[in-house]
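>>> make a model of this:
(one chain, ligands or ions: 1)
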Amino acid sequence: MSLNHLDPNPVGAPCVMVIFGASGDLTKRKLIPALCNLASDGLLSKQFAIVGFAANDYTTETFRKMLTDEIPKYSSSPIDQKLWNWFTERIYYVKGDFNDPHAYQLLKEQIEEADKRHNTLGNKFFYLAVAPRFFSPIVKRLGEVGLTKEEEGHWARVIVEKPFGHDLESAKQLNQDLKQVLTENQIYRIDHYLGKETVQNLMVFRFSNNIIEPLWNRNYVDHVQITAAETVGVEHRGGFYETAGALRDMVPNHLFQLLTMTAMEPPISFDADEVRNKQAEVLHAIQPFGPEEVLTCMVRGQYGEGTVDNQRVVGYRSEPDVARDSNTETFVALKLQIDNWRWAGVPFYLRTGKRLAQRETEVVIQFRRTPFVLFRNTSVRNLETNRLVVHIQPDEGISLSFGAKVPGSIMKLGLVNMDFDYATYFGTEHSTGYERLLRDCMVGDPTLFQRADMVEAGWSVIQPILDVWHALPPRDFPNYAAGSWGPHEATELLERDGREWHNAGNEGLGRRNRAADGAKTADRVGIA
Ligand code: BG6
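This is a model prediction of the structure:
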């Protein structure tokens, strides 16, 4: 992997970016703002052009106008007018149906014209921001018109958005379809979680700090928790979500990315395949779930009405495009074991859900107790253990909690925190999370993209759960109130093991307050 500051050539190579589904949300919300950020940071080649392709009735001119009106709403920082003028001059639009061979001829002509005008050296990549049913047909048609050919040093790549399949079989089929036309090196399966700064930092944190890695194993770690909690509901995506559910939508992709980054062995280099081999090994080492484990180690839930951020909100079944008797899960919690030397016996608890109490994505490493309780004759009844939390969002940072004596004449212990906050140290970045991934595709670095075998390994873990859940529909949905931390079974999943979820609320003091209130922390969260 080319870590930015070490990269000898950080600027993306000359190319044309073709966006399938260009009239959709992703283009204006993420892709164009990300490209503008790259351009303003000097990381986008001057030899660059964009061709939008979709069925909507735009021309190049009206498409440019639409983006000019819309982008300021979504860009994280004001866009320099000169830069935007430069940018719009290289945006083109082709109207066409994804299944119409003639439209691909028009697309090809437009790409060639843009290539000549902006000297993009024949390089191109196709971003498939479309419904998954179009992935295979689009790639097939691109192949038919010769747009996927790589010759005379020109490259052609395809970025595929999630969901990559809806189960193991469909993921295998999709891989097979794509490989009829493309080589694995041309396929960039994107997972936007890997564009998040703290996710990438997990590797740097682990492998560049000698005090961390020796502790990162079964000898010191009691268990690991990975949470991706959202306060939003399904928003306007009810139709899609009904066919997906929380398990498919978040676990084999985003949560497994966090899991593999956390649990992988050190790679021998940051070469793309070295890193991805180590991630794949983790997925292969996950103990397979039999029907019994699915019943005991998995929890599913669906939100009913409730209060989120002081607002009353409707239950999932009352959301637009959702069946009134829907059994789609909006919450999932699971416990898994990784059968390898490093992690044997250390449970990993994963959970994700919509309409939860707080937006928080984090990885929690809960360390074991000290081997000998020296304080048993003091008033300290219950010693807390060290906890390391990697905060992915909304705040990015790392905190380490440890025991300290609360000042005073009696022995009173408290848990205090050392906080590293990205924004405080490095300032806030105007990032959408897509900058890094787009640039990596332009320079041909696939480290942060999923390989075919990783996708299939992820689905292999999930498939038995899908099967059992399909055979045994839930009887108690909705089973958690919007604004809570999910169904009580999720709490019990950990309680049975004598553990509890790390909810920011547990500590009685939010992380943001802690930074300001550091000195008093020991008292507030202390145990006596
Ligand atoms: C998407 C899911 O992939 O990730 C959404 O389809 C989810 O349902 C989103 O809300 C979460 O992304 P982020 O970056 O907001 O955590």
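>>> how deep is residue 282 tucked in, by neighbour count?
Residue 282 is flanked by 23 other residues according to other Cβ atoms under 10 Å. Backbone N, C-alpha and C define where each C-beta goes, glycine included.
>>> flag every residue of the stretch 51-200 of the chain that's near the ligand.
Within reach of the ligand by Cβ under 6 Å from any ligand atom, the stretch 51-200 of the chain has these residues: 162, 192.
>>> what ranges do the strands span in the stretch 51-200 of the chain?
Listed in chain order, the strands of the stretch 51-200 of the chain (DSSP state E, counting those that start in this stretch) span residues 91-95, 124-128, 156-160, 187-189.
>>> now those strands as a markdown table including mean pLDDT and mean neighbour count?
What follows is the strands of the stretch 51-200 of the chain, written out as a markdown table (pLDDT from 0 to 100; neighbours: other Cβ atoms under 10 Å):
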| stretch | mean pLDDT | mean neighbour count |
| --- | --- | --- |
| strand 91-95 | 98 | 22 |
| strand 124-128 | 98 | 24 |
| strand 156-160 | 98 | 23 |
| strand 187-189 | 98 | 22 |
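>>> what parts of the stretch 251-400 of the chain come near the ligand?
For the stretch 251-400 of the chain, the contact set with the ligand under Cβ under 6 Å from any ligand atom comprises residue 361.
>>> can you list the weak-confidence ranges in the stretch 251-400 of the chain?
Scanning the stretch 251-400 of the chain for pLDDT under 70 picks out 373-383.
>>> can you pull out the helices in it?
256-263, 272-285, 291-297 (DSSP state H, counting those that start in this stretch).
>>> please identify the deepest-packed of the ones you listed.
Highest mean neighbour count among the helices of the stretch 251-400 of the chain (mean count of other Cβ atoms under 10 Å): helix 256-263, with a mean of 24.
>>> packing partners for that helix?
Using 3 or more Cβ pairs under 8 Å, 6 or more residues apart in numbering; DSSP states H and E, the elements in contact with helix 256-263 are helix 197-207, strand 221-229, helix 272-285, strand 347-353, strand 360-367, helix 452-471.
>>> hey, which of those is tucked in deepest?
Most buried of the helices and strands packed on helix 256-263, by mean neighbour count (mean count of other Cβ under 10 Å): strand 347-353, with a mean of 24.
>>> so how far is residue 306 from the residue in the stretch 401-528 of the chain that the ligand sits nearest to?
For the stretch 401-528 of the chain and the ligand, the shortest gap (Cβ to the nearest ligand atom) falls at residue 433, measuring 6.6 Å. Noted for residue 433: a distance of 29 Å to residue 306, by Cβ to Cβ, to the nearest Å.
>>> with distance to residue 337 added, can I get the helices and strands packed on helix 256-263 in JSON lines?
Below are the helices and strands packed on helix 256-263 laid out as JSON lines (distance: least, Cβ to Cβ, whole Å):
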{"stretch": "helix 197-207", "distance to residue 337": "20"}
{"stretch": "strand 221-229", "distance to residue 337": "10"}
{"stretch": "helix 272-285", "distance to residue 337": "9"}
{"stretch": "strand 347-353", "distance to residue 337": "6"}
{"stretch": "strand 360-367", "distance to residue 337": "15"}
{"stretch": "helix 452-471", "distance to residue 337": "11"}
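>>> helix, strand or coil: sort out the residue of the chain found nearest the ligand for me.
Using Cβ to the nearest ligand atom, the closest approach of the chain to the ligand is made by residue 249 at 4.7 Å. Of the three states, residue 249 takes helix according to DSSP: H, G, I helix; E, B strand; the rest coil.
>>> low-confidence ranges in the stretch 1-150 of the chain?
Looking at the stretch 1-150 of the chain by pLDDT under 70, you get 1-9.
>>> let's see 80
Across the stretch 1-150 of the chain, the ranges flagged by pLDDT under 80 are 1-9, 76.
>>> and the residue of the stretch 401-528 of the chain closest to the ligand, how close does it get to residue 181?
Distance, residue 433 to residue 181, by Cβ to Cβ: 28 Å.
>>> quick check: the residue most central in space within the chain vs residue 458, distance?
In the chain, the centroid-proximal residue (Cα atoms, centre = their mean) is residue 193; its distance is 2.2 Å. Counting by Cβ to Cβ, the gap from residue 193 to residue 458 is 13 Å.
>>> try residue 474
23 Å.
>>> what residues are shared contacts of residue 193 and residue 458?
Residues touching both residue 193 and residue 458 (Cβ atoms under 8 Å, 6 or more residues apart in numbering) are residue 253.
>>> where do the helices sit along the stretch 1-150 of the chain?
25-26, 32-40, 60-74, 81-88, 101-118, 135-144.
>>> which one of those is the most hemmed in?
Greatest average neighbour count among the helices of the stretch 1-150 of the chain goes to helix 32-40 (a mean of 22), per mean count of other Cβ under 10 Å.
>>> just checking, what packs against that helix?
By 3+ Cβ pairs under 8 Å, 6+ apart, helix 32-40 packs against helix 60-74, helix 81-88, helix 435-443.
>>> report whether it contacts the ligand.
No: judged by Cβ under 6 Å from any ligand atom, helix 32-40 and the ligand are separated, with a smallest distance of 13.2 Å.
>>> how far out from the middle of the chain is that helix?
When distances are taken as Cα atoms, centre = their mean, to the nearest Å, helix 32-40 is centred 20 Å away from the chain's centroid.
>>> hmm, who's touching that helix?
Here helix 32-40 makes contact (Cβ under 8 Å, 6+ apart) with 12, 17, 44, 50, 67, 71, 74-77, 79-80, 83-84, 86-87, 430-435, 438-439.
>>> then stretch 80-91?
Stretch 80-91 is contacted from outside by 35-36, 39-40, 48-50, 52, 60, 63-64, 67-68, 71, 114, 118, using Cβ under 8 Å, 6+ apart.
>>> give me that answer again for 10 Å
Outside stretch 80-91, the residues that touch it by Cβ atoms under 10 Å, 6 or more residues apart in numbering are 16-17, 19, 22, 32, 35-36, 39-40, 44, 46-52, 60, 63-65, 67-68, 71-72, 75, 79, 114, 117-118, 120.
>>> not counting residues beside it along the chain, what's closest to residue 468?
Nearest residue to residue 468 in three dimensions, chain neighbours excluded: residue 294, at 4.1 Å (Cβ to Cβ, 6 or more residues apart in numbering).
>>> SS state for the residue in the chain sticking out farthest from the centre?
Distance from the C-alpha centroid of the chain peaks at residue 409, with 48.1 Å (Cα atoms, centre = their mean). The three-state label given to residue 409 by three-state DSSP is coil.
>>> and what of residue 244?
Assignment for residue 244 (three-state DSSP): helix.
>>> switch to numbering from 523
Got it, the first residue is 523 from now on, which makes the last one we talked about residue 766.
>>> what is the burial count for it?
Neighbour count for residue 766, taken as other Cβ under 10 Å: 17.
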